[in-house]
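In: Okay, predicted coordinates and the sequence, questions at the end:
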Amino acid sequence: MASQTVTEAYFDHSAAKRVNTDTVIVKTLRQEYPNLELVIAPEISSNLLAYASAGHASFTVIEDGGDLPSVVSWKMYIPSARRMDGENGVLADQIVFGKFLYKWNDSEFIVYRIEGRDGSGAYPSVNNYYILSTDIHKANSLCAAVGKWSSELHGEIWVFDGGYWQKNAALYQSVMGSSWDSVILDEDMKKAIINDHLSFFNSQETYKSLKVPWKRGIIYYGPPGNGKTISIKAMMHTLYSRKDPIPTLYVRSLTSFNGPEFSIKQIFIKARQFAPCYLVFEDLDTIVSDNVRSYFLNEVDGLKSNDGIFMIGSTNHLDRLDPGISKRPSRFDRKYLFPDPDFDQRIAYCKFWQSKLANNKDIEFPDELCRAIAGITDKFSFAYMQEAFVAALLAIARKEEGIDPSYEHPLTEEMNDGWVGVLGDGDDLDGLVLWKEIKKQVAILRDSMEEEQ
């Protein structure tokens, strides 16, 4: 029986009952290329084509001739991530089987990229690169370089969701658009939070000299809508902007095909690998439930070293956290309360909106209006204040378009007492359209707050 080429073997194998693609390919490669060395690199750890597409190598298709193609690919349409941006999607090739001449560092390799989907409905499929070279050391060096590049972040953030880590470029872009200038907090508290983080990452030698583990954890807690999430994003931006950037690992959930304990194990393996790093557990009380608490705590301060890991957890319900998490130092050492904003902070938030609307000639927004709005939004979170501004501005825009709901909330007139007491009788803001609409929206939101309680 005449020997087959790899291409022939792949198509014969794919058309019959499949047992193990990898062994079939390896056997046939040995027969077709008896004088070349073979190295196999799983794509999950060493993506050779992506590495070349990033400009670090090059590849061209090797045509075998004959009736069988040298590349089998699926033409896939990838829609725009945001339809409202007006961008069209793109066509991309997902290679199922391909044979390439691969060039890297003045060396040439024959590389096959082959998808192995063995058995009936076996998922996930295993994608391997089969690297043929006259020099095994050069092939291994290529695998090491590609593996190192594949494990690094390139304008992305590691996000753990669905039981595995994935790189997320969209979250990175969102984080890099965040700033402490947009965070309205007590200034002393803001400085303390920033210094807490920066001093940790600058103090490795201090921890070492004191012979204490170089790790830290803090918790942000308080009612929803008061800046916990935006503070985390602003800090992520700050850490990425350092001369020696600190990567963020963001945990969305522990849901996994292998169970939450497996997820916790994978989370801390990755955190130790990327240390020093910033490990984020948003809504910590929903992530770490009672049934995985002990496993989580063992990873946090068990026998394994967590040097260089700064954990941040946020929660709207501190009382739902187990005391072993919330009250014991060495796990989460410090807690920062994010309360509903006080009068001065509400004024600062109004000034934030004032600056955003500074170029809008249709909206009159004097300084007195900041104090007036702060005077009628007692017990409002920043999120509720934002909704009042957004709803008021939308109502103004609708009126300018000739759409007037003509609804006057009964509480709006009573609110005049709140702001007159702050400003005095000499100031009259009733002629300002923004003030009229803000009062309406604040009254509506107070109704919804009472219903929630």
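Out: In hand now; what should we look at?
In: For the biggest strand by length in the chain, which helices and strands make contact with it?
Out: When every strand of the chain is counted residue by residue (DSSP state E), the longest turns out to be strand 90-104. Helices and strands touching strand 90-104, by 3 or more CB pairs under 8 Å, 6 or more residues apart in numbering; DSSP states H and E, are helix 6-14, strand 58-61, strand 71-78, strand 107-116. Yep, even glycine has a C-beta here, placed from its N, CA and C like the rest.
In: looking at these, which is closest to Glu156?
Out: Among the helices and strands packed on strand 90-104, the nearest to Glu156 by CB to CB is strand 71-78 (17.1 Å).
In: before we move on, back to that, most tightly packed of the helices and strands packed on strand 90-104?
Out: Greatest average neighbour count among these goes to strand 107-116 (a mean of 20), per mean count of other CB atoms under 10 Å.
In: Off-centre distance for stretch 73-89?
Out: Relative to its chain's centre, stretch 73-89 lies at 21 Å (CA atoms, centre = their mean, to the nearest Å).
In: I meant to write stretch 42-56 there.
Out: Centroid displacement of stretch 42-56 relative to its chain, using CA atoms, centre = their mean, is 22 Å.
In: before we move on, what about stretch 168-181?
Out: Centroid separation between stretch 168-181 and its chain, computed with CA atoms, centre = their mean, is 9 Å.
In: export it as PDB, just CAs?
Out: This file holds the C-alpha atoms of stretch 168-181, laid out as PDB (Å, rounded to 0.1, in the frame of the first residue of the first chain):
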ATOM      1  CA  ASN A 168     -11.200  41.300  27.100                       C
ATOM      2  CA  ALA A 169     -10.200  44.300  25.000                       C
ATOM      3  CA  ALA A 170     -13.500  46.100  25.400                       C
ATOM      4  CA  LEU A 171     -13.200  46.200  29.200                       C
ATOM      5  CA  TYR A 172      -9.600  47.500  28.900                       C
ATOM      6  CA  GLN A 173     -10.800  50.400  26.600                       C
ATOM      7  CA  SER A 174     -13.500  51.200  29.100                       C
ATOM      8  CA  VAL A 175     -11.000  51.200  32.000                       C
ATOM      9  CA  MET A 176      -8.600  53.500  30.100                       C
ATOM     10  CA  GLY A 177     -11.400  56.000  29.700                       C
ATOM     11  CA  SER A 178     -12.000  56.100  33.400                       C
ATOM     12  CA  SER A 179     -10.400  58.800  35.700                       C
ATOM     13  CA  TRP A 180     -10.300  59.800  39.300                       C
ATOM     14  CA  ASP A 181     -11.500  63.200  38.100                       C
END
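In: pLDDT (mean, whole number) over that stretch?
Out: Taken as a whole, stretch 168-181 has a mean pLDDT of 93.
In: Equivalent analysis for stretch 320-328, please.
Out: On average, stretch 320-328 scores 84.
In: so can I have JSON lines of the helices and strands packed on strand 90-104 showing distance to Met189 and mean pLDDT?
Out: Below are those laid out as JSON lines (distance: least, CB to CB, whole Å; pLDDT from 0 to 100):
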{"stretch": "helix 6-14", "distance to Met189": "62", "mean pLDDT": "80"}
{"stretch": "strand 58-61", "distance to Met189": "53", "mean pLDDT": "96"}
{"stretch": "strand 71-78", "distance to Met189": "43", "mean pLDDT": "89"}
{"stretch": "strand 107-116", "distance to Met189": "53", "mean pLDDT": "94"}
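In: Same list, these, but as a markdown table with distance to Ser314 please.
Out: Compiled in a markdown table, those are given as follows (distance: least, CB to CB, whole Å):
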| stretch | distance to Ser314 |
| --- | --- |
| helix 6-14 | 49 |
| strand 58-61 | 45 |
| strand 71-78 | 33 |
| strand 107-116 | 40 |
